[in-house]
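**Student:** Quick one: sequence and predicted model below, then my questions.
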Amino acid sequence: MKFSLKADVLEKLAPDHDIVADILEYRGLAKLKSTYAEGLRNCIASDGRIHTTFNQTITATGRISSTEPNLQNIPIRTEQGRLIRKCFVPKEGYRFLDADYSQIELRLLAHMSGDEGLIEAYSMDADIHRITASKVFGIPFDQVTPEKRRDAKAVNFGLVYGISSFGLSQDLGIGRKEAEKYIEDYFITYPGVKRFLDNTVKDAVSSGYVTTMYGRRRPIPELKNSNYMIRSFGERVAMNSPIQGTAADIMKIAMIRVYKALLDSGLDAKILVQVHDELLLEVREDQLEEAKKILHDEMVNAAVLKVKLEVDVHDGDTWYEAK
């Protein structure tokens, strides 16, 4: 008999054995120490800064990647991990300015599917996950519990990635039948999303590729594979790639717009890091407000969609504070 010590296996055992939680915590802290605290310290250059390399053509989705070291992989999910960002500080007399697209992939799903219900939900400028929970589960908006909002959020984002009922059941800790009902009710609520995903897969099977909103192609040979599991993976890729790929395209457009606008303005500000849907800038303190407006406006106007793009902008003396 083989025993597994993988994190997902241990997490299932944690409620029944106190020591498992200690093991998982130790692993997490050891990872932070070796990979980030010590690993990043070894990457500090003679100028006191860490310099990464950004790659345009490595990822299949079209997203920019970062290597040697990977500055897109700084932890964000846990508070202990987020504290690593306190180590990143601007030079004297400057502040960090951080901008992050809000739910860009879900907004793109609304735009690309043309689903009237999802577009309307975003036009209400309210909590999209609470709205979805209210519609899908038949609960008055003001009576949606945090648990039901969490479930709706999992379905919202899960379907962007072509999640299966099994995957959703694992994420939410519910039975597969219940997860199937969640997905079924979601598609009844937002039928345009169902049509879009089905047609995207159908077209990909026929052509062998999918395209982003800007026409960039991604071949998906897995759709022709005789193995069911590989074909299923190809279908999930087909559902997600046009959305995630378009998000990557929009971010690149936004970076070009921000760069040119800052250059034209004559401000002492520059882009330091791109982390998927997030841009980090270093700005001279007395020019912060003007740079903040440029950053926000150029990112919001990088694409015209049926739903409005939203950008959250913050500043701080460390990357932790700015995020």
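**Tutor:** Structure received. Please read all numbers here as calculations on a predicted model, not as lab measurements.
**Student:** next SSE after the helix or strand encompassing Y182?
**Tutor:** Using DSSP states H and E, Y182 sits within helix 176-189. Moving toward the C-terminus from helix 176-189, the next helix or strand (DSSP H and E) is helix 191-207.
**Student:** Next up, the contacts around M124.
**Tutor:** I131 (C-beta atoms under 8 Å, 6 or more residues apart in numbering). Where you see a C-beta, it was placed from the backbone N, CA and C, and this is true even at glycine.
**Student:** again, but for P191
**Tutor:** Neighbour list for P191: 115, 117 [criterion: C-beta under 8 Å, 6+ apart].
**Student:** before we move on, what about D171?
**Tutor:** 154, 158, 163.
**Student:** can you do 7 Å?
**Tutor:** Residues counted as contacts of D171 (C-beta atoms under 7 Å, 6 or more residues apart in numbering) are 154, 158.
**Student:** Need the residues that contact stretch 291-300.
**Tutor:** By C-beta under 7 Å, 6+ apart, stretch 291-300 touches 97, 99, 101, 254, 257-258, 261-262, 265, 267, 269, 281, 283, 309, 311, 313, 315.
**Student:** Give me the buried entries from the residues you listed.
**Tutor:** 97, 99, 101, 254, 257-258, 261-262, 267, 269, 281, 283, 309, 311, 313, 315 (16 or more other C-beta atoms under 10 Å).
**Student:** which one of these is nearest T52?
**Tutor:** L281 (15.6 Å; C-beta to C-beta).
**Student:** partners of that closest one in the sheet?
**Tutor:** Here L281 sits in beta bridges with L97, I271, as judged by DSSP bridges.
**Student:** Wait, it touches Q274, no?
**Tutor:** No. Using C-beta atoms under 7 Å, L281 makes no contact with Q274, being 10.4 Å away.
**Student:** just to revisit the earlier point, quick one: mark the members of the buried ones among the contacts of stretch 291-300 that sit in helices.
**Tutor:** Among the buried ones among the contacts of stretch 291-300, the ones falling in helices (DSSP state H) are 254, 257-258, 261-262.
**Student:** With pLDDT and distance to K181 as added columns, please give those residues in a markdown table.
**Tutor:** Converted to a markdown table, those look like this (pLDDT from 0 to 100; distance: C-beta to C-beta, whole Å):
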| residue | pLDDT | distance to K181 |
| --- | --- | --- |
| A254 | 98 | 38 |
| R257 | 98 | 43 |
| V258 | 98 | 44 |
| A261 | 98 | 48 |
| L262 | 98 | 50 |
